[in-house]
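J.: Predicted model and sequence follow; I will ask about them next.
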Amino acid sequence: MATGALISFTLNILCAVVALLTSYYAYKVNRLVGNQVIGAISLGFMLLGVGLAVDASTTLFSGRTLVQFSSRVLVQFASFTYLTVQMVAYLVIAIGYARAVYGSQQRPVAPAVIVTAAAVGLYRFSLLSYFVVLILLAFVVFQGLLIRSGQNTKFSAMVLLAFGLILIAHVVLLASVLTLGPVLFLIGTGIQFLGFLSLLIFVVRSEVVGPK
């Protein structure tokens with residue numbers, strides 16, 4: 001396997017493990033506090049963890065020489081599945097934030113973004129999906145800033161930091177798709193891992209000592 005593919009595989013596996021652990025501990029915290037944002041993070045990161053595991057397997061597989069048409073189709077299908085799951089995961093988190101800020105009567109714009117993206121078609125789907133995820137993450141960070149301004153707590157600060165890092169990561173990942181830059185992709189994946197890890201540290205600490 002090429003060095004770049006091996007690094008990408010390792011980072012994706014680490015992100016998948018951290019995402020699934022974040023989902024688990026967020027679920028445990030949510031059972032104690034019944035927080036909509038924590039509940040959305042739990043479900044969203046469960047989807048992200050599964051999707052990243054699939055994507056890591058695809059990276060491992062595509063790192064080899066693909067000479068069979070069926071192999072290429074399998075890789076493309078797995079990549080499509082991951083990108084779709086990623087959009088759904090961040091949509092879930094965006095809706096959780098919207099409900100926390102506006103209540104259950106809001107009409108979030110995120111579903112409209114997904115519908116619009118689907119209407120465009122599957123042309124350059126990876127570029128489209130990263131753009132949609134970027135919009136959803138920007139929405140999440142904006143809602144996090146609103147929560148932070150009203151609730152100056154460790155919860156709001158740490159979660160905002162984590163999603164800020166993930167947003168930066170996806171800016172870099174989008175740039176890597178636009179420029180076809182493998183180095184940018186690895187940098188973006190590394191920043192994403194730091195964002196995931198920050199969120200995991202927070203939910204683990206919250207589960208141990210209680211939400212603050």
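T.: Arrived safely.

J.: after the helix or strand bottoming out on mean pLDDT in the chain comes which helix or strand?
T.: One helix or strand of the chain scores below all others by mean pLDDT, DSSP states H and E: helix 110-120, with a mean of 49. Once the chain leaves helix 110-120, the next helix or strand it forms, by DSSP states H and E, is helix 125-150.

J.: Can you name the residues that contact Val172?
T.: Val172 makes contact with 184, 187-188, 191 under the criterion Cβ atoms under 8 Å, 6 or more residues apart in numbering. All C-beta spots, glycine's among them, are computed from the backbone N, C-alpha and C.

J.: Look up how far Phe142 lies from the nearest residue to Ala138 once chain neighbours are set aside.
T.: Nearest non-adjacent residue to Ala138, counting by Cβ to Cβ, 6 or more residues apart in numbering: Leu167, 6.4 Å away. Leu167 sits 10 Å away from Phe142, going by Cβ to Cβ, to the nearest Å.

J.: ok, now Phe9?
T.: Applying Cβ to Cβ to Phe9 and Phe142 gives a distance of 33 Å.

J.: Counting neighbours, go ahead and name the busier of the two.
T.: Neighbours were tallied for Phe9 and for Phe142 using other Cβ atoms under 10 Å; the higher tally belongs to Phe9 (20 against 13).

J.: same for the helix or strand hosting that one, what does it pack against?
T.: Following DSSP H and E, one finds Phe9 within helix 3-33. Secondary-structure packing of helix 3-33 (3 or more Cβ pairs under 8 Å, 6 or more residues apart in numbering; DSSP states H and E): helix 36-62, helix 182-209.

J.: between these, which gets nearest to Leu161?
T.: helix 182-209 (5.8 Å; Cβ to Cβ).

J.: Tell me what angle the closest one forms with helix 36-62.
T.: Helix 182-209 runs at 140 degrees relative to helix 36-62, counting by axes from the mean of the first three to the mean of the last three Cα atoms, to 10 degrees.

J.: buried ones in the longest helix seen in the chain?
T.: For the chain, the helix reaching the highest residue count under DSSP state H is reported as helix 69-102. Buried residues in helix 69-102, counting neighbours by 16 or more other Cβ atoms under 10 Å, are found at 75, 78-79, 82-83, 85-101.

J.: just checking, Val92 touches Ala40?
T.: Yes. Between Val92 and Ala40 there is a contact at 5.4 Å, judged by Cβ atoms under 8 Å.

J.: Most neighbours among the contacts of Val172, which one?
T.: Most surrounded of these: other Cβ under 10 Å gives Gly188, at 23 neighbours.

J.: Tell me the spacing between that residue and Val50.
T.: Relative to Val50, Gly188 is positioned 20 Å away (criterion: Cβ to Cβ).

J.: Would you mark the buried spots in the host helix or strand of Ile168?
T.: Per DSSP H and E: Ile168 is located in helix 154-179. Under the neighbour-count criterion of 16+ other Cβ under 10 Å, helix 154-179 has 155-156, 158-174, 176-177 buried.

J.: for stretch 190-209, same thing?
T.: Within stretch 190-209, the residues scored as buried using 16+ other Cβ under 10 Å are 191-200, 202-207.

J.: Before I go, just wanted to say thanks for your time.
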